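>>> Sequence and predicted structure below; questions after.
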Amino acid sequence: MNTKKNLTTEQAMGRALIYTRIENEDLRCLFSSCKDGLYHFVVTTAYLKYEFYVDAEDGTVLGIDTEPLLYPEALLFCERDDDVQPAVA
């Protein structure tokens, strides 16, 4: 596998965000690494967890996986007391 790295971490993350149309202010980066010519990112938004793989040389988004956040994790994004929160059954 190619180990050449032309893009910075920020540039690679930017490519992934453009690909998914996620606004930068809507996410938290939980993990990033670069190994064997691939950037690997794990980020969350208020309701979803994303995992991206981006080619470190040309910025091609090679893979993306999403999964919903569990109920308690999603509540961490409530900013005000009057935010609507799901009812507990």
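The structure has been received and is ready for your questions.

>>> make it CA atoms for all contacts and neighbour counts henceforth
Will do.

>>> all strands for this protein, in order.
28-35, 38-44, 48-55, 61-68 (DSSP state E).

>>> For Tyr19, which of those strands is the nearest?
For these, the distance to Tyr19 is smallest for strand 61-68, at 7.3 Å, taking Cα to Cα.

>>> average pLDDT for the closest one?
Mean pLDDT, strand 61-68: 93.

>>> Check stretch 18-34 too.
Stretch 18-34 comes out at a mean pLDDT of 83.

>>> just to revisit the earlier point, any chance of the strands of the chain in a markdown table, with distance to Gln11 too?
Below are the strands of the chain laid out as a markdown table (distance: least, Cα to Cα, whole Å):
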| stretch | distance to Gln11 |
| --- | --- |
| strand 28-35 | 12 |
| strand 38-44 | 10 |
| strand 48-55 | 10 |
| strand 61-68 | 12 |
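
>>> Need those strands in JSON lines (columns: mean neighbour count and distance to Thr9).
Shown next, in JSON lines, are these (neighbours: other Cα atoms under 10 Å; distance: least, Cα to Cα, whole Å):
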{"stretch": "strand 28-35", "mean neighbour count": "13", "distance to Thr9": "8"}
{"stretch": "strand 38-44", "mean neighbour count": "21", "distance to Thr9": "7"}
{"stretch": "strand 48-55", "mean neighbour count": "20", "distance to Thr9": "10"}
{"stretch": "strand 61-68", "mean neighbour count": "14", "distance to Thr9": "13"}
